[in-house]
Structure formats: structure tokens, C-alpha cells
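1. Predicted structure and sequence below. I'll ask about it afterward.
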Amino acid sequence: MNQAGAHEYGKGDLLIRDARVIDGTDAPVRNGLSILVRDGVIQEIAADIEANGTPQLDVTGACVIPGLIESHMHLMWGPGVMLHHQGKPTEEDWTRTWGRNYKQHLRAYLACGVTTIHDVAAFPFVVREVRRHYAEGGVGPRFLALGPMISPPKGYANALEACVTSEEDVE
């Protein structure tokens with residue numbers, strides 16, 4: 001729990017009761033299981049678990065699956081951004097458009113079971129903003145990022161002014 005009393009993502013203890021567990025190993029679906037989480041890590045999965053004093057969540061037959069991974073995404077872009085902002089985007093463009101909603105999108109990933117996202121062409125100002133959000137206790141999936149997009153002349157990202165023709169350009 002944080003100072004405001006809100007649950008911090010990935011922290012603390014929880015007992016999930018009456019789950020339908022799909023473990024992703026081709027094993028049959030298992031019904032009526034409890035899952036004990038301690039300090040954000042699964043400690044036990046069994047039919048009857050006693051954990052006095054641990055917060056409990058009765059999911060009554062809902063499916064529980066391993067966290068999903070979004071391995072290719074871009075927090076920089078959203079619907080229509082490229083139509084309205086052609087060329088290399090700026091921090092101001094992002095803050096004024098798609099960036100206004102990134103926190104809600106991070107929460108939506110979690111709500112859909114995505115626990116890790118990988119931004120494969122992350123602009124530095126987006127990475128800084130997401131890291132600041134998490135440092136201030138913000139909620140979202142684990143965030144992995146590669147650097148900004150680069151392209152050879154006439155390549156895919158050339159329209160974004162990400163063209164490199166020398167080692168100095170990459171630097």
C-alpha cells in the first residue's frame with residue numbers, strides 16, 4: 001500500500017479464490033483453484049489455501065492466465081496522429097495529441113491482461129514521461145523500450161526525418 005492507501009501494482013499480498021486457471025502449457029484448464037500472491041509473486045496455486053489476514057478476491061470461475069506481452073507497440077502514435085502530424089513528431093505534438101491519453105492506455109493494457117509492453121521505436125521524451133509516471137506511483141505494465149527509429153535513405157522511417165547516412169548521424 002502507498003501513503004494514500006491505494007494498492008500499488010505488482011506489490012503486496014493477495015489471495016485469488018475460485019479461479020479457472022489456464023497456464024499456457026497445453027495442460028487442461030483447472031477449475032476452482034486459489035492463487036496466493038506474496039509481495040507480487042505467485043507463491044501457491046491449489047484448491048484450498050488459507051491465508052488469514054491476506055486481502056482476498058473471489059473471481060468465481062473467471063479465467064486467470066499468465067500475463068500477456070505486447071512485443072511491438074508505439075506509445076508515440078495513436079489513431080490519426082500520422083494524418084495530422086506528418087514528419088518528425090515533437091514533444092509538443094505528442095503532449096497535445098496522443099500523449100494526453102497514454103496513462104489511460106497503460107491502464108487499459110493491464111485491464112486486458114497485458115503485463116509487459118515493448119515500445120520498439122521510442123522517442124526519448126516518451127520514455128522519460130513514462131518513467132516519470134511510474135516513479136510517481138503511476139499504474140501500467142512493465143515498460144521496455146528501444147531507442148528512436150532510424151532509417152537508411154529512402155527507408156521506412158525516412159518520412160520521420162530519422163534518416164541516417166553515417167555513423168555520426170546515428171550518434
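-> Now that the structure is in, tell me what you want to look at. Numbering: from 1, shown residues only.

2. Just the C-alphas of the helix ranked longest in the chain, formatted as PDB.
-> The longest helix of the chain (DSSP state H) is helix 124-135. Listed next in PDB are the C-alpha coordinates belonging to helix 124-135 (Å, rounded to 0.1, in the frame of the first residue of the first chain):
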ATOM      1  CA  PRO A 124      13.300   9.900 -25.700                       C
ATOM      2  CA  PHE A 125      10.700  12.300 -24.400                       C
ATOM      3  CA  VAL A 126       8.100   9.500 -24.400                       C
ATOM      4  CA  VAL A 127      10.400   7.200 -22.400                       C
ATOM      5  CA  ARG A 128      11.200   9.900 -19.900                       C
ATOM      6  CA  GLU A 129       7.500  10.700 -19.400                       C
ATOM      7  CA  VAL A 130       6.500   7.000 -18.900                       C
ATOM      8  CA  ARG A 131       9.400   6.500 -16.500                       C
ATOM      9  CA  ARG A 132       8.300   9.700 -14.600                       C
ATOM     10  CA  HIS A 133       4.700   8.400 -14.400                       C
ATOM     11  CA  TYR A 134       5.900   5.100 -12.900                       C
ATOM     12  CA  ALA A 135       8.300   6.800 -10.500                       C
END
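
3. residues in contact with that helix?
-> 75-76, 91, 94, 99, 102-103, 106, 119, 140, 143, 145, 147-148 (C-beta atoms under 8 Å, 6 or more residues apart in numbering). No exception for glycine: its C-beta is placed from N, CA and C like everyone else's.

4. Okay, buried residues for the helix or strand following it please.
-> Reading on from helix 124-135 to the C-terminus, the next helix or strand found by DSSP states H and E is strand 142-145. Buried residues in strand 142-145, counting neighbours by 16 or more other C-beta atoms under 10 Å, are found at F143, A145.

5. what lines up beside strand 142-145 in the sheet?
-> Each strand paired with strand 142-145, and its direction, by DSSP bridges: strand 114-119 (parallel).

6. picking that back up, give me the mean pLDDT for the longest helix of the chain.
-> The average pLDDT for helix 124-135 rounds to 93.

7. Please work out the angle formed by the directions of that helix and strand 114-119.
-> Counting by axes from the mean of the first three to the mean of the last three C-alpha atoms, to 10 degrees, helix 124-135 points 150 degrees away from the direction of strand 114-119.

8. What about the contacts of helix 124-135, which are in helices?
-> Per DSSP H, those map to helices at E91, W94, Y102, K103, L106.

9. can you redo the residues you listed as a markdown table with pLDDT and neighbour count?
-> Formatted as a markdown table, these follow (pLDDT from 0 to 100; neighbours: other C-beta atoms under 10 Å):
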| residue | pLDDT | neighbour count |
| --- | --- | --- |
| E91 | 87 | 14 |
| W94 | 84 | 22 |
| Y102 | 93 | 20 |
| K103 | 95 | 15 |
| L106 | 95 | 22 |
